[in-house]
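> need coordinates for the below:
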Amino acid sequence: MAKAVVYALVAAAFVLLITLGPSDHHLSSRGHLGRLNRRFGNRSQALVFDPLVAKMERYSEGKGSSNNVVADEDEDGDDVNQYINEEGTLNITLRLLVVFPMLDKAPEDGFVSSLELNSWIRDMAVERLNHRTRKEMISHDENGDGAISFLEYLPQFSDEDIEKNGMGHGEAGWWKQQFINADIDHNGTLSFNEFKDLLHPEDSDNEEIQKWLLAEKLERMDSNKDGKLNFVEFCDYAYEIYKNYMEYETSWLQVSSAEEKFAELDVNKDKLLAVEELIPIFNCLHPGELSYAKYYADYLMKEADDNKDGKLTLDEMLNHEYIFYSTVYDDTYEDFEDDFHDEL
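This is a model prediction of the structure:
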């Protein structure tokens, strides 16, 4: 009961965090984050830097829900309100003092390296994906067997719909094929990881799912409808997307020209790109939350690394503390819903 009360207070503080105006320091950095939002489909709203903020979000989202979101957390809820100021806002300076040693682990040397920061942000993204999947599992697993059948997830389809097997976007056959792609062990139901792949296909390592997404993308880029991309189609639709992402990720390197990249992808040298040949640039054409996690970590490093030595000191992080909490103080914040139904 005490924990629930604390989380209720934290949820109220979280509302204040969103509604209170940011400082001038934050405003100076917000334009950069806004450009990052537009570049990566506004996915910064899907990630936060601090696990405490993620916990606050989850409690707020779970209020009024039958899901026990408090029980899903493993931190001591009784310690949460020590980070809330008298004004009801999160003490981000204190939080950074607490979070810094959590990042500085490999090795523990007084610096947060790019690798450590990337690992931290990626772990946050993975936990967010897992959290969403757990909520969906609870919502759809009617018989409680820990697996999701097709009809448990999509009960709106009748036997007639399934027999008709319509392959139009959103029809029963279309969903059935995606379900089959995710069902790696072919047992007719989806385990937790398989269900996570279905819900978050852009973050899946399942090659069948990747090929499905790429086939739909290719169909929209394939002007002459021959099922493959020629060089002109590649330049018109795919290359600029690839270049845009690579220029941000490898700003210190020269990005391959369209001719060079096409030749590299064209494994069988037939001057056409099939779906399988697009897999190496899957993350560029279909960036997911894990892809964004890397770009977000790179953004934080570039913004806060004052001496450009590729690592962050505690002072550098404190000097740019609002950078790390921009998604909390952004007054245009909206919950990001990574729903496969909308994604395709």
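> does Trp174 touch Gly168 like I think?
Yes - when contacts are counted by C-beta atoms under 8 Å, Trp174 is listed as touching Gly168 (6.3 Å). Any C-beta I mention is one placed from the backbone N, CA and C, and that applies to glycine too.
> if you go through the chain in chain order, where are the strands?
112-113, 148-149, 189-190, 311-312 (DSSP state E).
> can you redo those as TSV with mean neighbour count and mean pLDDT?
Output for the strands of the chain, formatted as TSV (neighbours: other C-beta atoms under 10 Å; pLDDT from 0 to 100):
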stretch	mean neighbour count	mean pLDDT
strand 112-113	22	96
strand 148-149	22	98
strand 189-190	22	98
strand 311-312	22	96
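> and of these, who's closest to Leu278?
When the strands of the chain are compared by C-beta to C-beta, strand 189-190 sits nearest Leu278, at 25.5 Å.
> partner strands of that closest one and their direction?
Strand pairing for strand 189-190, determined by DSSP bridges: strand 148-149 (antiparallel).
> what comes into contact with the strand it pairs with?
The contact list for strand 148-149 (C-beta atoms under 8 Å, 6 or more residues apart in numbering) reads Met137, His140, Asp141, Gly188, Thr189, Leu190, Phe195.
> excluding sequence neighbours, find me the nearest residue to the fifth one.
Counting by C-beta to C-beta, 6 or more residues apart in numbering, Thr189 lies nearest to Ala147, which is 3.9 Å off, once chain neighbours are set aside.
> you'd agree the one you found is up against Ser191?
Yes - Ala147 is within contact range of Ser191, at 5.8 Å (criterion: C-beta under 8 Å).
> return the distance of stretch 235-248 from the chain's centre.
20 Å (C-alpha atoms, centre = their mean, to the nearest Å).
> what comes up buried for it?
Tyr237, Ala238, Tyr239, Ile241, Tyr242, Lys243, Tyr245, Met246, Tyr248 (16 or more other C-beta atoms under 10 Å).
> how about those in JSON lines, adding distance to Ile209 and pLDDT?
Listed next are the buried residues of stretch 235-248 as JSON lines, based on distance: C-beta to C-beta, whole Å; pLDDT from 0 to 100:
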{"residue": "Tyr237", "distance to Ile209": "21", "pLDDT": "92"}
{"residue": "Ala238", "distance to Ile209": "19", "pLDDT": "95"}
{"residue": "Tyr239", "distance to Ile209": "24", "pLDDT": "95"}
{"residue": "Ile241", "distance to Ile209": "19", "pLDDT": "90"}
{"residue": "Tyr242", "distance to Ile209": "20", "pLDDT": "92"}
{"residue": "Lys243", "distance to Ile209": "25", "pLDDT": "90"}
{"residue": "Tyr245", "distance to Ile209": "20", "pLDDT": "81"}
{"residue": "Met246", "distance to Ile209": "23", "pLDDT": "82"}
{"residue": "Tyr248", "distance to Ile209": "25", "pLDDT": "72"}
